[in-house]
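K.L.:
here is the input, now give the coordinates:
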Amino acid sequence: MKLGELATQLGAELRGDPDLEITGVKGIEEAGPTDITFVANVRYTALARTTRAAAVVVEPDFQEISTATLRIKNPYHAFSRALGLFYQPPSYPPGIHHTAIIDPSAVIGPGAHIGPYAIVSPNVRLGPHATLLSHVVLYPGVQVGSHFFAHAHSVVRENCILGDYVTLENGVVIGADGFGFAKNADGHWEKIPQSGPVRIGSRVDVQANATIDRATVGATEIGDGTKVDNLVQVGHGSRVGNDTLLCAQTGLAGSSIIGNNVILAGQVGIAGHCAVGDGVILTAQSAVSHDVPPGKMISGSPGFDNRIWLRAVAIFQRLPELAKRLDRLEKELAKLIEKHFPAQSPPQAPSQRDRSSE
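P.N.:
From the prediction side, this is the model:
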């Protein structure tokens, strides 16, 4: 593809030779003379001047460099679109493999691809252009919209409802029983039935080995456009808003409420029954056991305001030095006190004569 054609498809301003031949997309350090790359972080600005790439996707006001540039407001998004032009994932033509098990009561939309050993249980409704790869299991009563894509060994449990353009990566489990147990009169844990389904909106991606548990009552809900990373746990009865990111190894305890456009970075923990407002960012390994108002950035465990946390971390790193200084100051202060306020002799006990005169 010519560089000029690529610029047109991306809607970018080209500064450079439009006849350059582009054959691929690579990172800024790996790119060669027929690749394009991108800079979306100021940390990599210097590399843009030394890259071997044919062209660099940058922001409109990026400095001039000798390499050709494609200038656009969102370089990272443009780069991802360029990837889609050069990388084509495997295609799965319509058809049902002879080893797949499809219950006669299931309704399969047109254009479906159902792979080897996949199981579609009774009363499942599968929308148009669905793709079920090997060993996918849809339990009874599952309802799925159009363009569903389930990678090998993903599972959707009974009566769960998924919207359009939902993607489940390998090993995802949607609708497993929530972690609900109550002690009986004998002091033993007794399982609480998990009767409520999971409801997932449209354009939701759930990455490998993530789990979204079904609810005790009601439903566990994931909003439109939300992305769930690898090894994320969403507890029973939780509600997650639209366009939210749940990053790797994040855990939501039961009945958590997460707003719209929230970012929970890696290994974040949310205690049960907590509400996190719209636009909140929790940085990596943060944990909260209280409600978080909209728009806040929270860090630490237990979590608190990110700006205060940054100052606290800076002080924490200096604690050994501060402890030494404090110890030295205490010793110097003790010497000053001894010099200027010498210790007085303790009062003498009254003699026998003094006591007799009384």
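K.L.:
can you list the low-confidence ranges for the stretch 251-358 of the chain?
P.N.:
Low-confidence segments of the stretch 251-358 of the chain (pLDDT under 70): 343-358.
K.L.:
run through the strands of it in chain order.
P.N.:
Ranges of strands within the stretch 251-358 of the chain are 251-252, 257-258, 263-264, 269-270, 275-276, 281-282, 287-288, 297-299, 304-305, based on DSSP state E, counting those that start in this stretch.
K.L.:
neighbouring strands for the last one, and are they parallel or not?
P.N.:
Yep, that's strand 304-305 we're talking about. Applying DSSP bridges, strand 304-305 is found paired with strand 297-299 (antiparallel).
K.L.:
and the partner strand, how far out from the chain middle?
P.N.:
Between the centre of strand 297-299 and the centre of its chain there are 15 Å (CA atoms, centre = their mean, to the nearest Å).
K.L.:
which one is Gly178 nearest to, not counting chain neighbours?
P.N.:
Nearest non-adjacent residue to Gly178, counting by CB to CB, 6 or more residues apart in numbering: His236, 2.4 Å away. C-betas here are computed from N, CA, C, even on glycine.
K.L.:
quick one: that neighbour and Gln194 touch, right?
P.N.:
Yes: His236 is within contact range of Gln194, at 6.2 Å (criterion: CB atoms under 8 Å).
K.L.:
quick check: neighbours shared by these two?
P.N.:
Residues touching both His236 and Gln194 (CB atoms under 8 Å, 6 or more residues apart in numbering) are Asp177, Gly178, Gly180, Asp213, Arg214, Ala215, Thr216.
K.L.:
which residues does Gly178 contact?
P.N.:
Gln194, Asp213, Arg214, Ala215, Thr216, Thr220, Gly235, His236, Gly237, Gly254.
K.L.:
which parts of the stretch 1-150 of the chain are helices?
P.N.:
For the stretch 1-150 of the chain, the helices defined by DSSP state H, counting those that start in this stretch cover 3-10, 45-50, 75-86.
K.L.:
figure out which of those is closest to Gly269.
P.N.:
For the helices of the stretch 1-150 of the chain, the distance to Gly269 is smallest for helix 75-86, at 28.1 Å, taking CB to CB.
K.L.:
helix 3-10 and the closest one, what's the angle between them?
P.N.:
110 degrees (axes from the mean of the first three to the mean of the last three CA atoms, to 10 degrees).
K.L.:
taking the mean pLDDT, what do you get for helix 75-86?
P.N.:
When pLDDT is averaged along helix 75-86, the result is 93.
K.L.:
I figured Thr69 hits Asp17, correct?
P.N.:
No: the pair Thr69 / Asp17 is not scored as a contact, 11.4 Å apart, by CB under 8 Å.
K.L.:
out of the two, which sits in the more crowded spot?
P.N.:
Thr69 (26 against 12; other CB atoms under 10 Å).
K.L.:
specify the beta-bridge partners of the more buried one.
P.N.:
Arg15, Val56.
K.L.:
what's near enough to touch it?
P.N.:
Residues in contact with Thr69, defined by CB under 8 Å, 6+ apart, are Leu14, Arg15, Gly16, Ala55, Val56, Val57, Val58, Phe62.
K.L.:
roughly how far does it sit from Ser286?
P.N.:
For Thr69, the distance to Ser286 (CB to CB, to the nearest Å) stands at 37 Å.
K.L.:
now swap in Asp186 and tell me
P.N.:
For Asp186, the distance to Ser286 - CB to CB - is 39 Å.
K.L.:
of the two, give the one with the bigger neighbour count.
P.N.:
Just comparing Asp186 and Ser286: by other CB under 10 Å the higher neighbour count belongs to Ser286, 26 against 6.
K.L.:
beta-bridge partners for Val276, please?
P.N.:
Ile258, Val292.
K.L.:
could you measure from it over to Phe62?
P.N.:
Val276 is 35 Å from Phe62, by CB to CB.
K.L.:
out of these two, which sits in the more crowded spot?
P.N.:
Taking other CB under 10 Å, Val276 and Phe62 do not tie; Val276 has more neighbours (28 against 17).
K.L.:
out of His236 and Gln194, which sits in the busier spot?
P.N.:
Neighbours were counted for His236 and for Gln194 using other CB under 10 Å; His236 has more, 29 against 21.
K.L.:
separation between the spatially most central residue of the chain and Gly241?
P.N.:
Here the mean C-alpha position of the chain is nearest to the C-alpha of Cys247 (CA atoms, centre = their mean), at a distance of 1.3 Å. For Cys247, the distance to Gly241 equals 16 Å [CB to CB].
K.L.:
residue contacts, Arg245?
P.N.:
Slight slip there: residue 245 is Leu, not Arg. Counting by CB under 8 Å, 6+ apart, Leu245 touches Thr226, Lys227, Asp229, Val262, Ile263, Leu264.
K.L.:
roughly how far does the last one sit from Val56?
P.N.:
Going back to what we said before, that points to Leu264. Per CB to CB, Leu264 is found 32 Å from Val56.
K.L.:
looking at the two, which is more packed in?
P.N.:
Higher neighbour count among Leu264 and Val56: Leu264, with 29 against 26, using other CB under 10 Å.
K.L.:
is that one in contact with Ile270, as I believe?
P.N.:
Yes: between Leu264 and Ile270 a contact is recorded at 7.3 Å, counting by CB under 8 Å.
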